[in-house]
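Visitor: sequence and predicted structure are below.
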Amino acid sequence: MEEIIEAIDKEVLEKELSPECFYAKSPHAGHEVYLVNSTNAPNVLREIGRIREICFRRGGGGTGKALDLDKFDLDPEFSFNQLVLWSPEEKKIIGGYRFVSCDHCLYDEEGQPVLPSSHLFTFTPAFTSGKFLQTIELSRSFISPEFQSSMGGGRQTIFALDNLFSALSSVIHLFEKKYFFGKVTVYPDYPKEALGMIMFVLGKHFSPDEPLVIPKNPVSYGDPVRYRDIFTGEDFKTDYRTLKKELSKMSVQIPPLLNSYINLTSSLLYFGGGINDEFGDVIELGILLDAHDVNRPRFSLHPEIHEEHFRKIKERVMRFWKAIKKR
């Protein structure tokens, strides 16, 4: 286990978070949103990698390296951008996501997309020729520990996840896409009986009608036969209430990010999960979320973006992608 690097100097971060990278003001708490990559903000990338490794190690995952950055973060060929939530008041990174518009991703010799999720999932032709082209893949989501609710960060903490979701809603608009695809991480110490119940309920209500995304090494936990007698609801809301009651008996809750996602939309798709042996043996659950069909106000709130600024952002991102494709 390597020692995590020291924090990057705040003045260095401020300099790289330039007006060119500025995306929007968040709706709450004065936070700012930036879009960066390894080319225009290398030190911001290092700070992101530092914070991510701290977050994931605390949960029982992580890379074990001095910072969590991989080829998708560092190599422009993969076309990934970083969504950064910044506190100008404290001059600190609050949280973020990395993402790619799937119509700009690379493919391997077998015709499979080269994405962070490719290690765990196979994408069927029904998916890659359809919804995939309207999708943004999200990965490595994080909230810095000092801004997490368990740390009592006050006003800054209360709005951290809301502001990230709000920024994501505008990313969908910026890239003219419809879906978010990604992996939800469940750490190894999470009770397997509880995880088995969660996976059963998700599979019951949100499995696709045809194979779209298939786990390469699927995992299951608990006793599905017994779960059928517990979760007898005809709709998700009924089984969701039962699920929370069952988990409370084990003194656990649905992992917060997963809980946020499954309450965002009734059109969620769930693809099962597998163990990520490259990331501390965490369990990763694959989901697809229709960002145009949400029922949570915090996700549908777009940061205020002046149309001219929005146009310039889009042109900059497109220039970045075109430059990569010419290599």
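Guide: The structure has been received and is ready for your questions.
Visitor: please make it C-alpha for all contacts and neighbour counts, starting now.
Guide: Will do.
Visitor: which phi and psi does the nearest residue to residue 183 once chain neighbours are set aside have?
Guide: Residue nearest to residue 183 in three dimensions, not counting chain neighbours: residue 286, with 4.6 Å by Cα to Cα, 6 or more residues apart in numbering. Residue 286 adopts backbone torsions of phi -90, psi 130, taken as degrees, to the nearest 10.
Visitor: can you give me the pLDDT of residue 286?
Guide: Note for residue 286: predicted pLDDT of 97.
Visitor: isn't it right up against residue 184?
Guide: Yes: the pair residue 286 and residue 184 qualifies as a contact (Cα atoms under 8 Å) at a distance of 6.5 Å.
Visitor: report the contact partners of the closest residue to residue 4 other than its chain neighbours.
Guide: Leaving aside its chain neighbours, residue 4 sits nearest to residue 66 (4.1 Å; criterion: Cα to Cα, 6+ apart). By Cα atoms under 8 Å, 6 or more residues apart in numbering, the contact set of residue 66 is 2, 3, 4, 5, 50, 53.
Visitor: repeat the analysis, applying 10 Å as the threshold.
Guide: Contact analysis of residue 66 by Cα atoms under 10 Å, 6 or more residues apart in numbering lists 1, 2, 3, 4, 5, 6, 46, 49, 50, 53, 54.
Visitor: same deal with residue 247?
Guide: Residue 247 neighbours (Cα under 10 Å, 6+ apart): 191, 193, 194, 195, 197, 198, 253, 254.
Visitor: list buried residues within those.
Guide: When the contacts of residue 247 are checked for burial by 16 or more other Cα atoms under 10 Å, the buried set is 194, 195, 197, 198, 253, 254.
Visitor: check which helix or strand covers the third one.
Guide: To tie it back to what came earlier, the one meant is residue 197. Using DSSP states H and E, residue 197 sits in helix 192-206.
Visitor: just list what that helix packs against, helices and strands only.
Guide: helix 224-230, helix 236-249, helix 256-262, strand 269-276, strand 282-290 (3 or more Cα pairs under 10 Å, 6 or more residues apart in numbering; DSSP states H and E).
Visitor: can you rerun that using 8 Å?
Guide: helix 224-230, helix 236-249, strand 269-276 (3 or more Cα pairs under 8 Å, 6 or more residues apart in numbering; DSSP states H and E).
Visitor: can I get the last one as PDB, trimmed to CA atoms?
Guide: Output for strand 269-276, consisting of C-alpha atoms alone and laid out as PDB, is shown next (Å, rounded to 0.1, in the frame of the first residue of the first chain):
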ATOM      1  CA  LEU A 269     -32.300  -0.400 -15.800                       C
ATOM      2  CA  TYR A 270     -30.200  -2.800 -13.700                       C
ATOM      3  CA  PHE A 271     -27.700  -5.200 -15.200                       C
ATOM      4  CA  GLY A 272     -26.400  -7.200 -12.200                       C
ATOM      5  CA  GLY A 273     -22.900  -7.000 -10.700                       C
ATOM      6  CA  GLY A 274     -19.400  -8.400 -10.300                       C
ATOM      7  CA  ILE A 275     -16.300  -8.100  -8.100                       C
ATOM      8  CA  ASN A 276     -13.800  -5.600  -9.300                       C
END
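Visitor: all further residue positions should be reported with the first residue as 38.
Guide: Yep, numbering from 38; the last one is strand 306-313 now.
Visitor: quick one: average confidence on it?
Guide: Mean predicted lDDT for strand 306-313 stands at 95.
Visitor: what is that strand packed up against?
Guide: Using 3+ Cα pairs under 8 Å, 6+ apart, strand 306-313 sits against helix 229-243, strand 250-252, strand 319-327.
Visitor: go again using 10 Å as the cut-off
Guide: Taking 3+ Cα pairs under 10 Å, 6+ apart as the contact cut, strand 306-313 packs with strand 158-160, strand 216-223, helix 229-243, strand 250-252, strand 319-327.
Visitor: I'm done for today, thanks for sticking with me.
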